[in-house]
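1. need a structure here:
(one chain, ligands or ions: 1)
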Amino acid sequence: MSIALESKVRVRFAPSPTGTLHVGSARTALFNYLYARHCGGVFVLRVDDTDAARSEDRHEEAILEDLRWLGLDWDEGPDVGGPCGPYRQSERGAGYEAAAGELLASGAAYSCFCPEERLVELRAAAHAEGRTPRYDRRCLGLPAAEVARRRAAGEPAALRFQVPAGDIVVEDLIRGAVVVGRTPSATSSSSARTGRPRTTSPRSSTTATWPSRT
Ligand SMILES: [Zn+2]
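-> The predicted structure follows:
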């Protein structure tokens, strides 16, 4: 997917339609809105309905109504469309799947077939020893033929980034150079057993499991 975006400010607000609009979320929306309008940028509304069990249309409608009541309007969103749609996460699966395929093909990511119980044990062992939990990269060593066979058989697999060894330095506008990693086995996981996105920050290592929210 390639979308030509001008180098202007793009901010997005991504509420989860699992309940009514939280006041803290309203604050975030307001600040994003004001920043976008101040900079002549674009304010995007994307509905984060990845929690299929708890997301409801009526909550989405109520949240949009509350945002309008606050006097906010958005340039792109599920109700107004835009060049980067669809604007509901649940409708973006095909795009994520294509991107995941590109990551696998380029070697930037690899398949992990570890069952949840094993990951729980790894985390527990790390906590018991006072270490930060990290995935041990066991599945990185699987033969390509075995990976292909298991994927073809439809075995659930998560996608893990094959992060290069060494430190990762992120230039943060406020905090300056932020260094993440410092271990040769730093990995973070993305994507999903379920075909939907699972995201973790480097700070939280590989421990987040979609769709649980922490
Ligand atoms: Zn694994």
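
2. who does the helix or strand where Gly24 lies touch, helix- and strand-wise?
-> Element membership of Gly24, judged by DSSP states H and E, is helix 23-39. Contacts defined by 3 or more Cβ pairs under 8 Å, 6 or more residues apart in numbering; DSSP states H and E place helix 23-39 against strand 10-13, strand 42-45, helix 57-69. C-beta here means a position set from N, CA and C on the backbone, and glycine is covered the same way.

3. at 6 Å what do you get?
-> For helix 23-39, the packing partners by 3 or more Cβ pairs under 6 Å, 6 or more residues apart in numbering; DSSP states H and E come out as strand 10-13.

4. Can you tell me what sits against the strand it packs on?
-> Contacts with strand 10-13, where a contact means Cβ atoms under 6 Å, 6 or more residues apart in numbering, come from 29, 32, 35-36, 42-46.

5. Please produce a markdown table containing those, extended by distance to Ala153, pLDDT and neighbour count.
-> Output for these, formatted as a markdown table (distance: Cβ to Cβ, whole Å; pLDDT from 0 to 100; neighbours: other Cβ atoms under 10 Å):
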| residue | distance to Ala153 | pLDDT | neighbour count |
| --- | --- | --- | --- |
| Ala29 | 44 | 97 | 24 |
| Asn32 | 44 | 97 | 22 |
| Tyr35 | 48 | 96 | 13 |
| Ala36 | 46 | 97 | 21 |
| Val42 | 43 | 97 | 20 |
| Phe43 | 44 | 98 | 22 |
| Val44 | 39 | 98 | 20 |
| Leu45 | 40 | 97 | 25 |
| Arg46 | 34 | 96 | 21 |
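
6. Closest one to the ion out of those, please.
-> Arg46 (30.2 Å; Cβ to the ion).

7. where's the closest one relative to Ser16, distance?
-> 11 Å (Cβ to Cβ, to the nearest Å).

8. quick one on the thing from earlier: can you pick out the most distant pair from the contacts of strand 10-13?
-> With Cβ to Cβ as the measure, no two of those lie farther apart than Tyr35 and Arg46, at 16.4 Å.

9. Up against the ion, what does the chain have?
-> Within the chain, the positions near the ion by Cβ under 5 Å from the ion are 112, 114, 139.

10. Quick check on those: which are buried?
-> 112, 114, 139 (16 or more other Cβ atoms under 10 Å).

11. Out of those, which sit inside helices?
-> The members of these all map outside helices under DSSP state H.

12. Which of these fall within strands?
-> Cys112 (DSSP state E).

13. could I get the buried ones among the residues of the chain next to the ion as CSV with pLDDT?
-> Listed next are these as CSV, based on pLDDT from 0 to 100:
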residue, pLDDT
Cys112, 97
Cys114, 97
Cys139, 96
